[in-house]
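Q: with the sequence up front, the predicted model follows.
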Amino acid sequence: MRNSSWRAMLRSPLVVVVLVVLVWFVATFLVLPNATLLISTFFPDGKISFRALEKLVSSERALNSLWHSFALAATLAVTVNVVGIFIVLVTDYFKIRGSRVLWLGYATTLIYGGIVLAAGYNFIYGKYGFITNAVRNVFPDIDPNWFSGYFAVVVVMTLATTTNHMLFLGSSLAKIDYQTIEAARNMGASTWRILWRIVLPALRPMIFAVTVLTFLTGLGALTAPLVLGGTDFQTIAPMILTFSKSSGSRDLAALLAIILGLATIVLLAMMNRVEKSGTYFSVAKVATPLQKQPIRNPVANVLVHVVAYMLFVIYALPVLLIVLFSFLEANAISTGTITWDAFTLANYATVFGTPAVLKPFVVSVVYSALASLIVVLGMLFVARVFQKHRNPMTSLLEYLLHIPWILPTILIALALVMTFDRPNPLIGGQVLTGTTMLLLVAYVIIKIPFTLRLLKAAFASVPESLEDAARILGAGPLFTLRTVLVPLVLPTAAAITALNFNSLLDDYDAAVFLYHPLYEPLGLAIRASTEGENNLDAMSITFVYTVLLMIIMGFTMWLVYGRGGASRRRRRSRPGRPRGGAGAAAVPVPMPVPVPVAAAAVTVAAVPAAVPAAAPGSQP
Amino acid sequence: MHKRTFKTASVATLILSTMVLASCASADAGSEAGGDADGTLIVYTNSNGDGRGEWVTAQAKEAGIDIEIVGLGGADLANRIVAEKNNPVGDVVFGLNNMFFETLKDEEAVSAYEPSWSAEVDQESGDPKDGVFWPLVEQAIVTVYDTNKIPAADAPTEVADLWEDSAYEARYEVNTALGQATPQLVLAGLLAPYLDEDGDLGVSDKGWDQVQEYYAHGSPAEEGTDLYARMARGDVDFGVLPSSGITSRDAEYGTTTGVISPADGVPYVTEQIAVIAGTPREAAAEKFIDWFGSAETQGAFAAEFASYPVNEKARAEALPEVVELIESLPKQDIDYALTRENIGSWVEKTELEYLP
Amino acid sequence: MIRFENIEVTFGEQVAIPQLNLQVEQGEFFTLLGPSGCGKTTALRTLAGFIEPSAGEIYIDGKAASKLPSEKRSVGMVFQNYALFPSMSVRENIAFGLKVRKTGKVETDRLVDEIAAQVELTPEQLAKNVSELSGGQQQRVAIARALVLKPRILLLDEPLSNLDAKLRVQLREQLKNLQRELGITTVYVTHDQEEALTMSDRIAVFNHGVVEQVGTPEEIYNRSATEFVATFVGATNRLSGEFLQHLRGSGGEFLAAEKSSYLRLEKVGLQPPARGASIRLDGVIADRVYQGSHSTYTIDSNGSRLRALVPENGALPLAPGAKAQLYIDPSSILQY
């Protein structure tokens, strides 16, 4: 029972301080800049202008694109679940040979995305892709354009966004009470029946949450439709991008973003309700750890193995190809004629031969690390306050903190530059435009929604009695947070930090308007080295950077998730051993002991790159 | 409130404020770019690719000017300069075309300065009215094809043939990324002959028909795939390219580029240079402009990067094939001031109604 | 020691406890008993300082405490799920409160070892992670953690409810012994009436946020003040009007005819009592359930179906269908 009255909330000095700082931050960096920008776009002469709405409604192309975005989101909500649940079952539920290798293959989408991912698939299945060529050598009648449009976009984005399921659903699955499965089998239920009636229903809240994230990713789809959509299937995000760069059309960009934003808000409200319904993370009474299930029907077993490995190949091919292509001459890649003498180290030479090639890496690593740490640290307090005190004020603040999910990053960046280009009393009369700080502020801002959501969920999984216990033992709120709660959400926090870090590493949208001239971040450096009318090696150089980024990101993920995942795996690989001591097997221990809590945390944390992508107008 | 709650509160303030207090502190690096009149000159440009940025930096250093190049795409760069106009970060900007500079001038983001080489360039190519920005390099936006595949004799003589003649259906590339400079110039070139005050957005219906036909019969550019790569694999036969990109592509793809030269001419862009308004390093910026636009520097630049300088004295240094090409292409008559005013809404209309 | 004075607790619109008055004496084992949702845990949490009453005052040692934060009330608490900190070892869990107080390391170790010995935790167990302990051991850690700070009051929130039956009985005794040794004032919350009867010095029976009766276990059981107490604590037979009429006609005239009447199972005799007044009635055995030390008979008599708890002391069992004589002391009938 929570005492959520205002009085109780405002009595705690910690809460008051957090709220005061938060209100100031939200007002200064989220509301003021964006409101100013939006008001000036929608009320150009102090009067409301319906120009944007009229333009939008009368444009068949815009409405079509909008419709495509929603259709894509809805389709993905289904397809990603099908593939994602299959992947989770194959790696974590069924006894499949080599499931760890499969896991690694499926996890490749965690370390790359955007244009490179779409291009990777295009190089394989596209009009000049080698699979298409190979098939056409046998069956010349096949349409070379088979892999384009709605179908291709859905396929690629489905594969690209299942990472959520893997990391999110995976350990949700680990928390299922194995005894329920044993009981069902005892009553004669088949493998499929158990799966359908016991396992999947238990995963439902998580499946729902992941579906919401998938839907948001679909709405914001940008590069996959650009590369693979062809003329028939373009989405709204590229249009938003174009319009937000032109001051005259910014109202249209904002309007379109707000339409997507409204959908986001509706889904967000649903997500909040699922969280409040309490079944979300509180299923802690795991008496027996899950054991992997053999598929007893031999035909089905073979079939599942075949599909699992086929998917593995589909997942792993583009990554291998990108690594391979980074050693190829640009001409060979773009014309699709790969011969042995096309292999070269020239692309790497170009990248490393650029003067001060390391500096952008260092700048981006520092910015990303700082921003990720700051946002996680700040949101630890904020999520804690939100989770503990629910009232109209905290709800409002929570929704306001989601502004970065609703507005395109470009608009947020522009709003920041224009707001802080003069002394602002809210920040002590400082000017931020042109300083190294503004980009950091932007990075912190755009990572807030993702961080907040996951940390809130992590806190929700911590039993409240732990706090009471600490309190009655005399611990103050900060001491409790530090010694009791934070250690429990630490795996989540660390994983969020890593995911934020990875996604900020090659940011372009925010940096382009905000970066300090002397500290060029990586996203800009990549763009600079691939742009230019005479730069024909653009794609190869992008590949080189992608490979380098993959190494950094893979390392970060390994630091946070890989090791945790390994220990989780190891623990689960000894299924016969009861978790408790001698008498524990007989005694149902209701306390959420560290195993499930930590596992929950890792799971939650692992909602990966797709969530930042949920912001309309971003990847992939 | 007892002692511990105070402590609690203060520590919480400290930690939470990391995310915000830090932002209040004016970074030392910030002041470096902001205040003083000395220090490194920040040069904004969209023309730093292909090693040009490094070349300019090195050459400037030899001339005794310390510069730091900030390279961004044309539209992004213009947006950034406008957004920063109350507290400029850059000191000087070059490489943007007339349209972008008209915008900057309109927003009072650049200020007037008459360079020492002003007499050596054709004022008409820059800002003859106010002398705010000054021309450096000229480029033609041309429709190209590979003469190895299509003999020059068989090529259309007018660009409009591409969409009017069904033989070229989907055989020419159209760039739909209208946020970029070149596609905008193509659009401006398409609409220029059809300006009509009574028409929609100052363009007659016939002009809009042209735009519609142009995009409807073309093959949209593929993200990440170069025009010449598409020509090499037989995807398309024609496409639009700024003239400076031809030489390197012929070398890379083994093509022999042919150019459609319409009777009305082709759109030309002139890259300009100007001082960013409000910079504390105005003197250094002006020194840089005097140096960079001089016949000597522009000549060396032209020799190095196959550009066509506006500076008449520098033209002697330009590559002969470049000079030949540029001089063979008549300039289309485009009112850049008017185009600048309208291009935003033209792009918007095209984006909303005509793109495939 | 503890006094609840006109305590009212509300959650939004809902009134959880309308008006609570209670007095707990020094050194007493005091139990709050009631079905789930009756307000007993709310009362305990109010005492602990987790809930602020909307009206009234709690006095601890004669001092008003309801504005005091939990940690200032000198109470220790054991939670239903123990609330052990999963990120810490057993020793760290027990030492947590000492760490908060910045007790020195040597002193901390001494205190932890001392309390661990008292609750029978071995040094090996102290080094373990809490997840490696069994339920009973975890419970002891929770108790040790609460007691190491030497609170004046120990609060226990259904601490045995998560254990299996045998362990529960065993720990019940240990807990009671520990409390007696330490002489600590203890407030215990449970819905298990057997636990309440066996462990408590006094019991308060809660129903819908209201205390129905406060008294010793005997008073609660034998002289239940309300119908709720009579039915909630222990098993009872409800007597029909006809049965009551019969009793009134044969020596139980003082019984009110129109009131609800209850009779405890063990007060139904199948043999004449050794001493004391009793009324004899006729009945027919309907069923017998053998339970080792005793049997429960179901007997139809005068329109009532009564259950009787009969010790298995060697007498011949009665088979279903057999005639039986019931011996009932009318003064043991509870009327409301």
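A: Happy to help now that I have it. Numbers count the residues shown, from 1 in each chain, chains lettered A, B, ... in the order given.

Q: which of the helices or strands spans the residue nearest the centre of chain C?
A: By C-alpha atoms, centre = their mean, chain C has its centre lying nearest to residue C:196, at 2.1 Å. Assigned by DSSP states H and E, residue C:196 belongs to helix C:193-199.

Q: so the residue nearest to the centre of chain C touches residue C:203, yeah?
A: Yes. Contact criterion C-beta atoms under 8 Å: residue C:196 and residue C:203 qualify, at 5.1 Å. From N, CA and C alone the C-beta is placed, and that goes for glycine too.

Q: still on that earlier bit, from chain A, how far out is the residue nearest to the centre of chain C?
A: Applying C-beta to the nearest C-beta, to the nearest Å, the value for residue C:196 to chain A is 22 Å.

Q: that older thread, residues of the helix holding residue C:196 that come out buried?
A: For helix C:193-199, burial by neighbour count (16 or more other C-beta atoms under 10 Å in any protein chain shown) applies to C:193, C:195, C:196, C:197, C:199.

Q: go through the residues you listed and say which is closest to chain B.
A: For those, the closest approach to chain B (C-beta to the nearest C-beta) belongs to residue C:199, at 36.1 Å.

Q: what separation do you get for the closest one and residue A:467?
A: 28 Å (C-beta to C-beta, to the nearest Å).

Q: next one: residue B:172
A: Here residue B:172 is placed at a distance of 68 Å from residue A:467 (C-beta to C-beta).

Q: what about the longest helix in chain A?
A: Within chain A, and with DSSP state H defining each element, the longest helix by residue count is helix A:358-388.

Q: do the helix or strand following it and chain B meet at all?
A: With elements assigned by DSSP H and E, the helix or strand that comes after helix A:358-388 is helix A:392-400. No. Helix A:392-400 is not in contact with chain B by C-beta under 8 Å from any C-beta of the partner chain; minimum separation 13.7 Å.

Q: just the CA atoms of helix A:392-400, as CSV, please.
A: The C-alpha atoms that make up helix A:392-400 are tabulated as CSV, following Å, rounded to 0.1, in the frame of the first residue of the first chain:
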residue,chain,number,x,y,z
PRO,A,392,-0.9,14.2,-11.3
MET,A,393,2.3,16.1,-10.9
THR,A,394,4.7,13.2,-11.4
SER,A,395,2.5,11.8,-14.2
LEU,A,396,2.7,15.2,-16.0
LEU,A,397,6.5,15.3,-15.6
GLU,A,398,6.8,11.8,-16.8
TYR,A,399,4.9,12.5,-19.9
LEU,A,400,6.9,15.7,-20.5
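
Q: and residue A:476, how many neighbours?
A: Using other C-beta atoms under 10 Å in any protein chain shown, residue A:476 is surrounded by 23 other residues.

Q: quick check: phi and psi at it.
A: With angles defined as degrees, to the nearest 10, residue A:476 sits at phi -80, psi 170.

Q: okay, it and chain B: tell me how far apart.
A: Using C-beta to the nearest C-beta, residue A:476 is found at 5 Å from chain B.

Q: I'd say residue B:184 and residue B:347 touch.
A: Yes. Assessed by C-beta under 8 Å, residue B:184 is found in contact with residue B:347 at 6.3 Å.
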